[in-house]
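J.: need the 3D shape of this:
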Amino acid sequence: MGLQISTRESDDVTILDLTGRVMARPDSDLLSPHLQELVDKSSSKLLLNLTAVTQIDSWSINAIAKTYASLSRQGGSLKILCPSNRLRGVLKLVHLLDLIPTFEDEAEALASFRPLGYSAKP
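T.: Sure thing, here's the model as predicted:
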């Protein structure tokens, strides 16, 4: 299955739910333009949900790294949610996990975007 991207919001965090194989070529890259569009729209907090990603290639890893760098320069942030063990191994091999915060729990990931001392009202 090719890449499918759905987007949802949680407060001021944009969550991208990626499904399938994140494999890109210059003529069929879906992820990079989607990420660039979000950055251009001033989405400064992005969470990439990789729970349903089965495979990723270097082109797509590069798109994620570029988006992380771009957002960081603008005072924003990008974080990763739930990569599979196989995907985690690939991201670790290219040192992306050393750079980008990664979480196994969505609530914890979303909380990490909040400023220190922030408390949600009951």
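
J.: which residues in this protein form strands?
T.: Counting by DSSP state E, the chain has strands at residues 4-10, 13-22, 45-56, 77-81, 102-103.

J.: centroid residue for this structure?
T.: Leu48 (2.6 Å; C-alpha atoms, centre = their mean).

J.: that residue against Ile61, yeah?
T.: No. Taking contacts as C-beta atoms under 8 Å, Leu48 lies outside contact range of Ile61: 11.4 Å. In this view, the C-beta of every residue, glycine as well, is placed from N, C-alpha and C.

J.: list the buried residues in stretch 88-95.
T.: Across stretch 88-95, burial judged by 16 or more other C-beta atoms under 10 Å covers 88, 90-91.

J.: among the residues you listed, which one sits closest to Val39?
T.: Leu91 (20.3 Å; C-beta to C-beta).

J.: how close does the closest one get to Ser10?
T.: 23 Å (C-beta to C-beta, to the nearest Å).

J.: same question for Glu104.
T.: From Glu104 to Ser10 the distance is 17 Å (C-beta to C-beta).

J.: who has more neighbours, these two?
T.: Counted by other C-beta atoms under 10 Å, Glu104 and Ser10 do not tie: Ser10 has more neighbours, with 14 against 11.

J.: re the thing from before, which single one of the buried residues of stretch 88-95 is nearest to Tyr68?
T.: Closest to Tyr68, out of all of those and judged by C-beta to C-beta, is Leu91, at 11.8 Å.

J.: can you report how many residues lie near the closest residue to that closest one other than its chain neighbours?
T.: Closest residue to Leu91 apart from its sequence neighbours, by C-beta to C-beta, 6 or more residues apart in numbering: Leu97 at 5.0 Å. Neighbour count for Leu97, taken as other C-beta under 10 Å: 16.

J.: do you know the pLDDT at Leu97?
T.: pLDDT, Leu97: 93.

J.: next, the buried residues of the longest helix seen in the chain.
T.: Under DSSP state H, the helix in the chain containing the largest number of residues is helix 58-73. The neighbour-count check on helix 58-73 (16+ other C-beta under 10 Å) flags 59-61, 63-65, 67-68, 71 as buried.
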